[in-house]
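Undergrad: A structural model of the following input is requested.
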Amino acid sequence: IQDAILFANDGDTVLVRRGVYNERIDFMGKAIVVSSEEGPAVTIIDGNQSGSVVTFSGGGLTTSIIQGFTVTNGYAAQGGGIYCTNVSPVITNCVIAGNSTLVGTNNDTGPGGNGGDGAGIYVSSNSYPVIADCVISNNATGGGGGSGWSASGNGGNGGGIFCYSAAFLRITVIGNTTGSGGSGNYSIGGNAGNGGGICCRSATIEESSIIANRTGDGAGTGGYASGYEYGRGGDGGGIFCDSAAIRDSIIKSNATGNGAGGGHGESSVAGKGGRGGGLYCYGSNAVERCTISGNSTGNGGSSAEWRGGDGGDGGGIYATNGSLGFFHCDIVGNSTGPGGGGCDSSSSGNGGGNGGNGAGLCASEGCIPTLSSCWFLTNVTGNGGVEEYNMWTHRSGGSGGSGGAVVCFNGSISNSIFLGNQTGYGGDGFDSMGQMADGGPGGDGGAVYAVGNTTIQNCLFIGNITGSGGYSFFGVLYYGPGGNGGRGGNGAGLWSLGA
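TA: Reported below is the predicted structural model:
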């Protein structure tokens, strides 16, 4: 194929017969079409783990087209399957599968390296491809490199696709993963990569399916590292985006990674679960006529000698710092992760981590969401983590996650239905040596937890439930009185402050 590209001129078509081609190809900045005769099932370009399988570069904004291939077995620093820079190609009717990016380098004295971005497709900031009728599946970015005495590396972003600007039409992004954070040795562990399926900004996604993608787990430390928060799971199990428009699409069964746990002698908070099981967004975003279902966020890490990490917020969607419009969407059966267990904690506050908030949608204080004509059904927040073996201070189990369907601090909710959503239980407190260990409170707002300048009108709240408080067990073991059971959650339908 590369020989044919070498002799082709702008406007030519290179037509490729069925077969397996063990090579890498570069369009060399030419405005040509490279097309298979019989489609991707029987026309395969195998990169043999020797770099990016397909490269588009050096052509300014000249349009090149590739269609009808399986692109597989690439391994590169960025863009194991397809690498695009300074060009705006059209990629259509292709399968980009089984590609990967480099793992970050280990460093005994300095920071660990980050994993490579965009295992399936990498698009640089000066490119704008159109990707249509493609399947991007089972690609994986590299994990972060470890460090002896400095910060460890983060996992690569964009398991399926990493891009700054792009248009996606009728694509299926399935089974892609991002790398986990690098482990530290007497240093802080790295965070996992973001965007299990897609990591993008300024993108449009239409009539597409984003299914069963996952971000990696955060990493901890192999030795004593005090005063840190361990690595968190990657954000955006399905999509991690900035200023995107998503229409008529399915975001289903995606998940974010877990926070890292800590061992004995490590006085640091365990890592938090990744946020935004289906979608993590910031900036100006619009989501219309989409189904967001069965997504989940990661668990908080457990600690053997400090506070447990919090479960990830936003089982379906996590939104921060900007505006978010949700119109005519179904948000169904999403969940947030539980808090991690705490043990022998001398930290402040509760010892167990809190369950993740906003199982359907968690909009942070910096986000102004507008939700209209949506269904929020059977979403569930995570339970609080357990506090156990509490020797030094009076601590408690973690709180159940609040906002079974929605958490918001500003914005508008109208003409929507909230049915069968539920908040998590408070974490239990037990095995207290010398100090009481209380049960944590159940999560507030079985359907909606609203604070600040939020307006809610013309909505139905049916059959939503708040979680019970956690138990206090074995309070008189060795010393001291028993702890208190945690309170149940408030506001089965709606909990508000100033809304």
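Undergrad: Hmm, residue 421 is touching residue 361, no?
TA: No: taking Cβ atoms under 8 Å as the definition, residue 421 is not a contact partner of residue 361, at 11.0 Å. Quick note: C-beta positions are derived from backbone N, CA and C, even for glycine.
Undergrad: Need the overlap of contacts for these two.
TA: Jointly contacting residue 421 and residue 361 under the rule Cβ atoms under 8 Å, 6 or more residues apart in numbering are 376, 405.
Undergrad: Just give the closest residue to residue 189, not the sequence neighbours.
TA: residue 219 (3.4 Å; Cβ to Cβ, 6 or more residues apart in numbering).
Undergrad: a helix runs through residue 6, doesn't it?
TA: Yes: under DSSP: H, G, I helix; E, B strand; the rest coil, residue 6 falls within a helix.
Undergrad: Please name the residues that touch it.
TA: Going by Cβ under 8 Å, 6+ apart, the list of residues near residue 6 reads residue 28.
Undergrad: what about 10 Å?
TA: 26, 28, 30 (Cβ atoms under 10 Å, 6 or more residues apart in numbering).
Undergrad: could those go into TSV alongside secondary structure, pLDDT and distance to residue 119?
TA: TSV is the format used below for these (DSSP: H, G, I helix; E, B strand; the rest coil; pLDDT from 0 to 100; distance: Cβ to Cβ, whole Å):
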residue	secondary structure	pLDDT	distance to residue 119
26	strand	96	19
28	coil	92	24
30	coil	92	26
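Undergrad: and of the residues you listed, the nearest to residue 317?
TA: residue 26 (38.7 Å; Cβ to Cβ).
Undergrad: What residues of stretch 195-207 count as buried?
TA: 195-206 (16 or more other Cβ atoms under 10 Å).
Undergrad: Next, the distance between the ends of it.
TA: 19 Å (Cα to Cα, to the nearest Å).
Undergrad: now swap in stretch 170-190 and tell me
TA: 34 Å.
Undergrad: Same check on stretch 27-45?
TA: 14 Å.
Undergrad: burial count for the closest residue to residue 458 other than its chain neighbours?
TA: Excluding the flanking residues, the one nearest residue 458 by Cβ to Cβ, 6+ apart is residue 415, at 4.9 Å. Residue 415 has 14 neighbours, counted by other Cβ atoms under 10 Å.
Undergrad: Just give me the residue closest to the centre of the chain.
TA: residue 236 (2.3 Å; Cα atoms, centre = their mean).
Undergrad: show me what contacts that residue?
TA: Per Cβ under 10 Å, 6+ apart, neighbours of residue 236: 157-158, 178, 193-200, 213, 215, 254, 256, 274-281, 314, 317-318.
Undergrad: For it, which non-adjacent residue is spatially closest?
TA: residue 280 (3.5 Å).
Undergrad: hey, what's the one you found bridged with?
TA: With DSSP bridges as the criterion, residue 280 is bridged to residue 240, residue 318.
Undergrad: That one contacts residue 233, correct?
TA: No: applying Cβ atoms under 10 Å, one finds residue 280 not in contact with residue 233, separated by 11.3 Å.
Undergrad: Give the residues shared as contacts by the two.
TA: With Cβ under 10 Å, 6+ apart, residue 280 and residue 233 have common neighbours 194, 215, 256, 274, 297, 312.
Undergrad: Which members of those residues are the farthest-apart pair?
TA: 194 and 297 (12.9 Å).
Undergrad: and for these two, which residues touch both?
TA: Contacts common to residue 194 and residue 297, judged by Cβ under 10 Å, 6+ apart, are 215, 233, 235, 237, 256-257, 274-276, 280.
Undergrad: picking up where we left off before, okay, residue 280 and residue 233: which has more neighbours?
TA: residue 233 (38 against 30).
Undergrad: And the strands in the stretch 101-250 of the chain, which stretches?
TA: With strands called from DSSP state E, counting those that start in this stretch, the stretch 101-250 of the chain shows them at 121-123, 130-132, 135-137, 161-163, 166-169, 172-174, 198-201, 203-206, 209-211, 239-242, 245-247, 250-252.
Undergrad: want to try JSON lines for the ones you listed, with mean pLDDT as columns?
TA: Formatted as JSON lines, the strands of the stretch 101-250 of the chain follow (pLDDT from 0 to 100):
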{"stretch": "strand 121-123", "mean pLDDT": "97"}
{"stretch": "strand 130-132", "mean pLDDT": "97"}
{"stretch": "strand 135-137", "mean pLDDT": "98"}
{"stretch": "strand 161-163", "mean pLDDT": "97"}
{"stretch": "strand 166-169", "mean pLDDT": "97"}
{"stretch": "strand 172-174", "mean pLDDT": "98"}
{"stretch": "strand 198-201", "mean pLDDT": "94"}
{"stretch": "strand 203-206", "mean pLDDT": "96"}
{"stretch": "strand 209-211", "mean pLDDT": "98"}
{"stretch": "strand 239-242", "mean pLDDT": "95"}
{"stretch": "strand 245-247", "mean pLDDT": "97"}
{"stretch": "strand 250-252", "mean pLDDT": "98"}
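Undergrad: Looking at these, spot the one closest to residue 333.
TA: That would be, of those and by Cβ to Cβ, strand 250-252, which comes in at 9.5 Å.
Undergrad: List the contacts of that closest one.
TA: Under Cβ under 10 Å, 6+ apart, the answer for strand 250-252 is 172-174, 197, 205, 207-213, 237-239, 277-279, 287, 290-295, 316-317, 329-334.
Undergrad: Please verify my assumption that residue 442 contacts residue 471.
TA: No: checked against Cβ under 10 Å, the pair residue 442 and residue 471 is beyond contact range at 11.8 Å.
Undergrad: I'd like the buried residues of stretch 195-207 written out as JSON lines, with distance to residue 47 added.
TA: Below are the buried residues of stretch 195-207 laid out as JSON lines (distance: Cβ to Cβ, whole Å):
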{"residue": "195", "distance to residue 47": "22"}
{"residue": "196", "distance to residue 47": "22"}
{"residue": "197", "distance to residue 47": "21"}
{"residue": "198", "distance to residue 47": "21"}
{"residue": "199", "distance to residue 47": "21"}
{"residue": "200", "distance to residue 47": "23"}
{"residue": "201", "distance to residue 47": "27"}
{"residue": "202", "distance to residue 47": "28"}
{"residue": "203", "distance to residue 47": "25"}
{"residue": "204", "distance to residue 47": "29"}
{"residue": "205", "distance to residue 47": "26"}
{"residue": "206", "distance to residue 47": "29"}
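Undergrad: Sounds good, over and out.
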